[in-house]
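Participant: structure, please.
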Amino acid sequence: MTEATTLDEQQARELEEKFDPEIRFRPLGPLAGWLSASLLFSLSAFHYYTAGFGLLREVTHRGIHMAFVLGLIFLVFSARRGDTKLYASSWWRPAGIPVYDWLLMAAAAVTTLYVPWIFHDLAFRVGNPLSIDLIMGTLLIVVLLEATRRSMGWPLPVIAVIVMLYALLGRYAPGVLVHPGASWSSVVNHLYLTSQGIYGLPVGVIATYVFHFVLFGVLATRMGLGQLFIDMATSLAGRYAGGPAKVAVVSSALLGTITGSSIANAVTTGALTIPAMIRIGYKRHFAAAVEAAASTGGQITPPIMGAAAFLMIEFLGIPYTHIMIAAFVPAFMHFFGVLMQVHFEAKRRGLRGLTRDEMPQIWKVLKRDWPTLFPLFVLLGVLMNGYTPYLAAFWGITLCIVVGLLNPRNRLTISDVFEGFVMGAKYALAVGAAAATVGIIIGVVTLTGVSFKVAFMVTSTASGWAASIAPFIPFGLMGTAALTLMMTLILTGVVCIVMGTGVPTTANYLIMVTVAAPILALLGVEPIVAHFFVFYYGILADITPPVALCAYATAGIANSNPFTTGNTAFRLSMGKALVPFVFVFSPSMLIMVENFSLYEFLLSTYGCVLGITALSAAFSDYLADRLWWWERILLAFAAFLLVAPELTSTIVGTLIFLPIALRPLLKKREALAEPA
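Facilitator: Numbers count the residues shown, from 1 in each chain. Sure thing, here's the model as predicted:
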């Protein structure tokens, strides 16, 4: 497998573009290609420079970022998403791009830079916009919705339009959702001229943090760090039963430290691990599901956890190191759960590991590629010493360039660095448009106060359900208050998954945390816990049918049924589905909480590890041997007792688990004790 672990970057990029709608770019001719590359490089260079040498005034920085992002979308994304034809230049298509795209590109630049230009006058105009302000704001909203549609699809723009209609027509809304309604002038004023809408927190975080880490991930992969992680995972995990599947889990966890994209993670590692899994005997859909489930874990793996993690530090006002520490144990639980099911499946089917000849040796891998770890270590060191994330990313990017240019093993050229800057900017376009569109949604929420009305509706519904269910709970294990919280969490989790079927993770997180955080706060849930709950369930949508983009990508590699792959990936990710409930009821699992308790942390961690093992065995029909049907039922019951962070249920769950786990060992001892 040594040759198979050589990553074909071009193949991985083609697979990623095929399955990830956010990077499905249109083909460009020489002139348009040169122009787009120049602008994309300039966008990356702007963010790289400001990260190291100082950010501009807030509104100016965000305006320049959006001018580039929205303008470039009309250059690199076609109006029809399936259009892959390369057009010749003509009067209607200068440089092969339609005239209306050039006009939209110009409109995006003018309308986004208008607010920074009039910034000094805004104090006298907010609340009383001029006619030109309304024209510019209306035009930007239209341009933004079209840019988001092109780069991300219909769902998010449709949601934005619906919430704007709600703002305008609130007097006709049903029940508690009714409000007096706002004029279009008020809506545009709030969304365009204040920091509560399009120029709000989401765009600020993308322009200040996320862009830099996307660029770091692209350059780190190009200079060989991704390949090192894959080789290390193969060396460490390949020899054990079902080796390639365990390589997929470990390599996805390692690759998740430098990329927050589940699809990028899946195609990078899956192009190598999925064929290897199929070759040793895993079913095609299972091999694809393993890679999909493991790759979604990349978004929850410190230190780089996708855009949502950086949004958290702004929402919560805490250092990024706190987010990293809080994410560690839940991320471990996710990968542990996938690994357990992979292991039990391999033992049940008698699947082999990789032979010595099929694996690279760990010491040779590290001796050959150790310089590629240097940028990551420096980035972590800067973060852990309390500096800003964007400064950490600046030094990480700088060292990626230095190591890439000097490392003889995988030496980059100046052209490679230029191309890395171009691709880093391309990968950040869609999330930039999504963040600005989510700003519309958040702006309407703050304008109408609808989040508190939704909170009242959800908590009232959950309280009613809890009162109905409470009498049937044995031994009084859960009171009405705990059941109300449980019902609220279930409702929130379901909405997160449904939203995630058409909305990307970052946008899903932003929308849900705006609505769900007040709901959970009413029930006494700490803010960091509420944010992590929404974060985890939003990510789960990537592998939840009917729209499971990560599972579809891996199914394409494995040539398996996408729906079956998605269902299996969801089953493999049950650890990720259960753990958020655990840390809501036992916040100490996140460590960085106000009233951390070591006893609570140890109890919940022990229960999670044993509970995930029991549930994995029940799903896989194997523990230390094949299981009877009634043992699988008991293990599933024990799993839910174990993950409940309470001493009595943990003890009962352990007492159910141990006899089933020890049965094969006792059977083996009896067989050995029998006379020959």
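Participant: give me the neighbour count for the residue nearest to Ile473 when sequence neighbours are not counted.
Facilitator: Leaving aside its sequence neighbours, Ile473 sits nearest to Leu483 (Cβ to Cβ, 6 or more residues apart in numbering; 7.2 Å). Every residue, glycine included, has its C-beta placed from N, CA and C. Look at Leu483: counted by other Cβ atoms under 10 Å, it has 20 neighbours.
Participant: which is the next helix or strand following the helix or strand where Leu483 lies?
Facilitator: Following DSSP states H and E, one finds Leu483 within helix 480-500. Counting by DSSP H and E, the next helix or strand C-terminal to helix 480-500 is helix 505-522.
Participant: elements contacting that following helix?
Facilitator: Helix 505-522 sits against helix 307-316, helix 414-448, helix 450-469, helix 480-500, helix 527-540, with contacts defined as 3 or more Cβ pairs under 8 Å, 6 or more residues apart in numbering; DSSP states H and E.
Participant: of all these, which one comes closest to Thr84?
Facilitator: helix 414-448 (16.0 Å; Cβ to Cβ).
Participant: in the closest one, which residues are buried?
Facilitator: 416-448 (16 or more other Cβ atoms under 10 Å).
Participant: now it against helix 307-316, angle please.
Facilitator: 50 degrees (axes from the mean of the first three to the mean of the last three Cα atoms, to 10 degrees).
Participant: between helix 414-448 and helix 450-469, how many degrees?
Facilitator: 80 degrees.
Participant: gap between helix 414-448 and the chain center?
Facilitator: The gap between where helix 414-448 is centred and where its chain is centred comes out at 14 Å by Cα atoms, centre = their mean, to the nearest Å.
Participant: quick one: the residue most central in space within the chain from Ala455, how far?
Facilitator: In the chain, the residue lying closest to the centroid (Cα atoms, centre = their mean) is Gln299, at 4.1 Å. From Gln299 over to Ala455 the distance is 26 Å, taken as Cβ to Cβ, to the nearest Å.
Participant: same question for Ala147.
Facilitator: According to Cβ to Cβ, Ala147 and Ala455 sit 32 Å apart.
Participant: Leu104 now?
Facilitator: Leu104 is 38 Å from Ala455, where distance means Cβ to Cβ.
Participant: of these two, who's got more company?
Facilitator: Remark: of Leu104 and Ala455, Leu104 carries more neighbours, 23 against 20, as counted by other Cβ under 10 Å.
Participant: which SSE is the more buried one in?
Facilitator: helix 99-117.
Participant: tell me the buried residues in that helix?
Facilitator: Residues 101-102, 104-105, 107-116 are the ones in helix 99-117 that count as buried (16+ other Cβ under 10 Å).
Participant: elements contacting it?
Facilitator: helix 58-76, helix 131-152.
Participant: what's the first helix or strand after it?
Facilitator: Next element after helix 99-117 (DSSP H and E): helix 122-125.
Participant: show residues contacting that next one.
Facilitator: By Cβ atoms under 8 Å, 6 or more residues apart in numbering, the surrounding residues in contact with helix 122-125 are Val115, Ile118, Asp133, Leu193.
Participant: show me what contacts the nearest residue to the last one once chain neighbours are set aside?
Facilitator: If the residues on either side of it in the chain are set aside, Leu193 comes closest to Val126, at 5.1 Å by Cβ to Cβ, 6+ apart. Contacts were defined as Cβ under 8 Å, 6+ apart; by that measure Val126 touches Asn189, Leu193, Thr194.
Participant: looking at those residues, which is nearest Ala271?
Facilitator: Minimum distance to Ala271 across the contacts of Val126 is 45.9 Å, recorded for Thr194 (Cβ to Cβ).
Participant: secondary structure class for the closest one?
Facilitator: At Thr194 the chain is in coil, as set by DSSP: H, G, I helix; E, B strand; the rest coil.
Participant: so what does it have for phi and psi?
Facilitator: phi -120, psi 170 (degrees, to the nearest 10).
Participant: over to Leu55?
Facilitator: The phi/psi pair for Leu55 (degrees, to the nearest 10) reads phi -80, psi 160.
Participant: what's in contact with stretch 426-434?
Facilitator: Taking Cβ under 8 Å, 6+ apart as the rule, stretch 426-434 contacts 21-23, 25, 40, 65-66, 69-70, 72-73, 76-77, 144, 147-148, 151-152, 156, 203, 206-207, 210-211, 214-215, 218, 261, 264, 307, 504, 506-507.
Participant: deepest in the core, which of the helices and strands packed on helix 99-117 is it.
Facilitator: Greatest average neighbour count among the helices and strands packed on helix 99-117 goes to helix 58-76 (a mean of 23), per mean count of other Cβ atoms under 10 Å.
Participant: so what does it touch, helix or strand wise?
Facilitator: Right, helix 58-76 is packed against helix 30-53, helix 99-117, helix 131-152, helix 201-205, helix 414-448 by 3+ Cβ pairs under 8 Å, 6+ apart.
Participant: same list (the ones you listed) but as a markdown table, adding mean pLDDT.
Facilitator: Output for these, formatted as a markdown table (pLDDT from 0 to 100):
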| stretch | mean pLDDT |
| --- | --- |
| helix 30-53 | 95 |
| helix 99-117 | 96 |
| helix 131-152 | 95 |
| helix 201-205 | 90 |
| helix 414-448 | 92 |
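Participant: export those to a markdown table and tack on distance to Pro562?
Facilitator: Below are these laid out as a markdown table (distance: least, Cβ to Cβ, whole Å):
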| stretch | distance to Pro562 |
| --- | --- |
| helix 30-53 | 32 |
| helix 99-117 | 32 |
| helix 131-152 | 20 |
| helix 201-205 | 30 |
| helix 414-448 | 22 |
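Participant: which residues sit in contact with Ala507?
Facilitator: Neighbouring residues of Ala507 by Cβ under 8 Å, 6+ apart: Met152, Leu156, Ala434, Ala435, Thr437, Val438.
Participant: quick check: pLDDT value at Met232.
Facilitator: Confidence at Met232, expressed as pLDDT, is 89.
Participant: same question for Ile528.
Facilitator: pLDDT at Ile528 comes out at 91.
Participant: burial count for Met340?
Facilitator: Neighbours of Met340 (other Cβ under 10 Å): 22.
Participant: ok, now Thr194?
Facilitator: By other Cβ under 10 Å, neighbour count at Thr194 equals 18.
Participant: distance of it from Val59?
Facilitator: Counting by Cβ to Cβ - Thr194 and Val59 are separated by 10 Å.
Participant: next: Ser42.
Facilitator: Taking Cβ to Cβ, one finds Ser42 at 20 Å from Val59.
Participant: how about Ala425?
Facilitator: Using Cβ to Cβ, one gets 21 Å for the distance from Ala425 to Val59.
Participant: ramachandran coordinates for Met359?
Facilitator: Backbone torsions for Met359, taken as degrees, to the nearest 10, come to phi -120, psi 140.
Participant: tell me how far it lies from Gly224.
Facilitator: According to Cβ to Cβ, Met359 stands 18 Å off from Gly224.
Participant: same question for Pro302.
Facilitator: From Pro302 to Gly224 the distance is 22 Å (Cβ to Cβ).
Participant: any weak-confidence spans in the stretch 551-676 of the chain?
Facilitator: 667-676 (pLDDT under 70).
Participant: show me the shaky parts of the stretch 251-400 of the chain.
Facilitator: In the stretch 251-400 of the chain, residues with pLDDT under 70: 260, 306.
Participant: and the next helix or strand past whichever strand or helix holds Trp630?
Facilitator: Assigned by DSSP H and E, Trp630 belongs to helix 629-643. Using DSSP H and E, the helix or strand that follows helix 629-643 in sequence is helix 647-673.
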